[in-house]
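A.B. asks: need the 3D shape of this:
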Amino acid sequence: MNRRYLAIVVMIVALVGAMVMMRGRKEFRGCAGVVWTTEYHITYESDRLLDDSVQAVLTRIDRSASKYNPESVISRINANSDSIADDIVQRLYTKSREVWKASEGAFDPTVSPLANVWGYGLKTGVNPDSVAIDSICEFVGLQKTNLVGALVRKYDGRTTFDFNSIAKGLACDEVGRMLERNGVENYLVEIGGEIACAGHNANGQQWRVSIDAPVESTDSVIHESALVIALDRGGVATSGNYRNYKIVDGKKTAHTINPKTGYPELTNLLSATIVTKDCITADAYATACMVMGVERTKALLGTDKEIAVMIMYVDSDEKIATWCNAAFSALVK
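C.D. replies: From the prediction side, this is the model:
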């Protein structure tokens, strides 16, 4: 072996060694952007940037589940031009069915035509009369649909699905799974306030998650912390009607539509925060709680050990009160 060849070999070995050492240095990285008109922030510990992979996950979910994307799988199913669901839509439907059953119909992704007529969906609504509401209720209800394998069956072609209330939760979970496939053990994924996390933060501590107080606003998001919880794995979702409402005939109408009555649910419940094993489940139950109200939420989740819940509501003295089950209390720091 001549000296020149030996020198080249030594240089290659040194370069490969340096690359291995550089790749082996894990550090906490940040990734941020906008998706579905809301901001996302992701923190993860890795030996390389995974921003492109994050974007690929979000794009895939958009192409499957976004009702705002006319070419998405769910848009085609809603338009009756297709009836085959991909794995993303299948998982959204299956989770919806699970929580729909547990909440006795409070959570229902077929409620979108009612949201439209009330002005909270794709269309600008007016104050509808009872005749219009009753006619729409004829084709609203998850029980009027079914999923057989990958085939979505709608017993009325006018029935449509809106998975937006849990799509962000699923997206958080999917980004988390992608990170784990790439060897990431410590991460926090936040999309529009919904969170999936695992491991610990850069300080070696459990992830700290601030739960917003219910501060009313129709034109801006006001963050005022009510309390902080600590997690090393799970999903967190908060739903509330104090940021998304309209004034109709001098009365506040909330953005949570009761799928059984067809009307916006006006209760003293201001917000519901759910913490459980994954963000899609937390997202669905948080929405269900807003329809169920204070007493039904307490009855359904009061003794649940797997689903932690905290609700904020207006009590009989017109003051903001807080209630949580034991599973949630254990998380408060």
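A.B. asks: which residues in the chain form helices?
C.D. replies: Ranges of helices in the chain, per DSSP state H, are 3-23, 51-65, 73-78, 87-102, 112-117, 130-137, 164-181, 279-301, 326-329.
A.B. asks: make TSV from these and add mean neighbour count, mean pLDDT and distance to residue 198 to it.
C.D. replies: Glycine gets a C-beta too; all of them are placed from N, C-alpha and C. Output for the helices of the chain, formatted as TSV (neighbours: other C-beta atoms under 10 Å; pLDDT from 0 to 100; distance: least, C-beta to C-beta, whole Å):
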stretch	mean neighbour count	mean pLDDT	distance to residue 198
helix 3-23	10	45	22
helix 51-65	17	98	15
helix 73-78	21	98	28
helix 87-102	18	98	19
helix 112-117	22	88	32
helix 130-137	13	94	41
helix 164-181	23	97	6
helix 279-301	24	96	11
helix 326-329	16	98	19
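A.B. asks: just put those helices in CSV and tack on distance to residue 200.
C.D. replies: Listed next are the helices of the chain as CSV, based on distance: least, C-beta to C-beta, whole Å:
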stretch, distance to residue 200
helix 3-23, 22
helix 51-65, 20
helix 73-78, 36
helix 87-102, 28
helix 112-117, 39
helix 130-137, 48
helix 164-181, 14
helix 279-301, 18
helix 326-329, 21
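A.B. asks: nearest to residue 37, of these?
C.D. replies: When those are compared by C-beta to C-beta, helix 164-181 sits nearest residue 37, at 10.6 Å.
A.B. asks: only C-alpha atoms, please: export the closest one in PDB.
C.D. replies: Coordinates of each C-alpha in helix 164-181 appear next as PDB, following Å, rounded to 0.1, in the frame of the first residue of the first chain:
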ATOM      1  CA  ASN A 164     -61.800  18.600  12.400                       C
ATOM      2  CA  SER A 165     -62.500  18.400  16.100                       C
ATOM      3  CA  ILE A 166     -60.200  15.400  16.400                       C
ATOM      4  CA  ALA A 167     -57.900  15.700  13.300                       C
ATOM      5  CA  LYS A 168     -55.400  17.900  15.300                       C
ATOM      6  CA  GLY A 169     -55.400  15.300  18.000                       C
ATOM      7  CA  LEU A 170     -54.600  12.600  15.500                       C
ATOM      8  CA  ALA A 171     -52.000  14.800  13.900                       C
ATOM      9  CA  CYS A 172     -50.200  15.200  17.300                       C
ATOM     10  CA  ASP A 173     -50.200  11.500  17.800                       C
ATOM     11  CA  GLU A 174     -48.900  10.800  14.300                       C
ATOM     12  CA  VAL A 175     -46.100  13.300  14.500                       C
ATOM     13  CA  GLY A 176     -45.200  11.700  17.900                       C
ATOM     14  CA  ARG A 177     -45.200   8.200  16.300                       C
ATOM     15  CA  MET A 178     -43.000   9.400  13.500                       C
ATOM     16  CA  LEU A 179     -40.500  10.900  15.900                       C
ATOM     17  CA  GLU A 180     -40.400   7.600  17.900                       C
ATOM     18  CA  ARG A 181     -39.800   5.700  14.700                       C
END
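A.B. asks: angle of that helix against helix 51-65?
C.D. replies: 140 degrees (axes from the mean of the first three to the mean of the last three C-alpha atoms, to 10 degrees).
A.B. asks: for the closest residue to residue 269 other than its chain neighbours, what are its contacts?
C.D. replies: Spatial nearest neighbour of residue 269, excluding adjacent residues (C-beta to C-beta, 6 or more residues apart in numbering): residue 313 at 4.7 Å. For residue 313, the contacting residues are 267-270, 294, 320-321, 323, by C-beta atoms under 8 Å, 6 or more residues apart in numbering.
A.B. asks: just the buried subset of those residues, please.
C.D. replies: Buried by 16 or more other C-beta atoms under 10 Å: 267, 269-270, 294, out of the contacts of residue 313.
A.B. asks: and the residues you listed, which is closest to residue 329?
C.D. replies: Closest approach between the buried ones among the contacts of residue 313 and residue 329, by C-beta to C-beta: residue 294, at 17.4 Å.
A.B. asks: pretty sure the closest one sits against residue 265.
C.D. replies: No - distance between residue 294 and residue 265: 11.7 Å, which falls outside the contact criterion (C-beta atoms under 8 Å).
A.B. asks: between these two, what contacts are shared?
C.D. replies: The overlap between the contact sets of residue 294 and residue 265 (C-beta under 8 Å, 6+ apart) is empty.
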